[in-house]
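J.: For reference, the sequence and a predicted model appear below.
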Amino acid sequence: MSMNLTEAGSSRFIDIELDGQPVKLHYNDCGEGRETIVMLHGSGPGASGWANFNRNIDPLVAAGYRVILLDCPGWSKSDSIVCTGSRSDLNARALKSLVDALDLEQIHILGNSMGGHSAVAFTLENPERVGKLVLMGGGTGGASLFTPMPAEGIKLLQKLYREPTIENLKQMMSVFVFDTSDLTEELFQTRLDNMLKRRDHLENFVKSLQANPKQFPDFSPRLPEIKQDTLVIWGRQDRFVPMDTGLRLVAGIPNSQLHIFNQCGHWAQWEHADRFNRMVLDFLQH
Ligand SMILES: O=C(O)/C=C/C(=O)/C=C/C=C(\O)C(=O)O
């Protein structure tokens, strides 16, 4: 169903203070439901809320939810930042400022990759502000038991940040999703344009990694503190954040369940959008 929602029409800015610095945050605000779902994107170069979740916004708005897509500090139209500590916690502090400013008492959070790590960080610090959690391809840092880390996708992601070329973008995207036939030249070009528009974001990500290679801490010991109903969704062929991270999440979070999509890489919400949307709606409504 088309809701005629557009990126430009839903685009908003807000000024916040983050660790003593003024920061302009960009977000998209879609729909007018009583319940709000905040979607948090991944850490790839050129990522944004709109780019990560463009196949998920309409169905959730049509089902009666307000959907907010936050562009984390250092991505898209939000201000750039060098992060020398935990980026998961930094994003969580940015989200807290946004939900306070918008007067949102409680939100559901749907996080992809870094967005999942940040959703967990937010929930641990602000448990009363979170309804349900959906975590895809992320939720905590930490080592895989089976896959050498950093995973091959993360190595390609870091190479792309250092050398933002169309060749490196295509190389990263070729291990990003399972079925690469949906990756059009137009999609590559849009993503490259998004990246090159903000070279400050690319440079600051590299500086952040140099200052602290472990941007996403391992929350495993604290996961049992999360009491929220949590749906964990993973791609069987995720080559960025290995699938056993999903097992660690369900081992730690008591009220959680895990769904694994076969023939799926790191972008379950895009690669299996229809089934993903139905599953998330069912989870939120029951
Ligand atoms: O290193 C990690 O644990 C997290 C990696 C990511 O957040 C990678 C995300 C990539 C995307 O979702 C993207 O859209 O580029």
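T.: Received it, and whenever you're ready, just let me know what you need.
J.: Excluding covalently adjacent residues, which one is nearest to Arg248?
T.: Ser220 (5.8 Å; CB to CB, 6 or more residues apart in numbering). No exception for glycine: its C-beta is placed from N, CA and C like everyone else's.
J.: The one you found - how many residues pack around it?
T.: Per other CB atoms under 10 Å, the neighbour tally for Ser220 reads 16.
J.: same check, this time on Ser181
T.: So Ser181, with other CB under 10 Å, has 6 neighbours.
J.: Name the surrounding residues that touch the longest strand along the chain.
T.: In the chain, with assignment by DSSP state E, the single longest strand is strand 21-30. With contacts defined as CB atoms under 8 Å, 6 or more residues apart in numbering, strand 21-30 is touched by 3, 5, 7, 10-17, 49-50, 57, 61, 66-71, 73, 76-79, 81, 94, 97-98.
J.: Parallel or antiparallel, list what pairs with that strand.
T.: As defined by DSSP bridges, the strand partners of strand 21-30 come to strand 11-18 (antiparallel), strand 65-71 (antiparallel).
J.: Those: which one's closest to the ligand?
T.: strand 65-71 (11.9 Å; CB to the nearest ligand atom).
J.: what about that closest one and the ligand, any contact?
T.: No - applying CB under 6 Å from any ligand atom, one finds strand 65-71 out of contact with the ligand, separated by at least 11.9 Å.
J.: hang on, the earlier thing: from Ile154, how far off is the residue nearest to Arg248?
T.: 19 Å (CB to CB, to the nearest Å).
J.: Just the buried residues of the contacts of strand 21-30.
T.: Among these, those classed as buried by 16 or more other CB atoms under 10 Å are 5, 7, 10, 14, 16, 49-50, 57, 61, 66-71, 73, 76-79, 81, 94, 97-98.
J.: quick one: which helix or strand includes Val280?
T.: Assigned by DSSP states H and E, Val280 falls within helix 273-285.
J.: since we're on the nearest residue to Glu225 once chain neighbours are set aside, how many residues are nearby?
T.: Sequence neighbours aside, Leu124 is the residue nearest to Glu225 in space, at 6.1 Å (criterion: CB to CB, 6+ apart). Burial measure for Leu124: 17 neighbouring residues, criterion other CB under 10 Å.
J.: helices or strands next to the helix or strand following the longest strand of the chain in the packing?
T.: Using DSSP H and E, the next helix or strand after strand 21-30 towards the C-terminus is strand 35-40. Counting contacts by 3 or more CB pairs under 8 Å, 6 or more residues apart in numbering; DSSP states H and E, strand 35-40 packs against helix 49-53, strand 65-71, helix 87-101, strand 107-112, helix 114-125.
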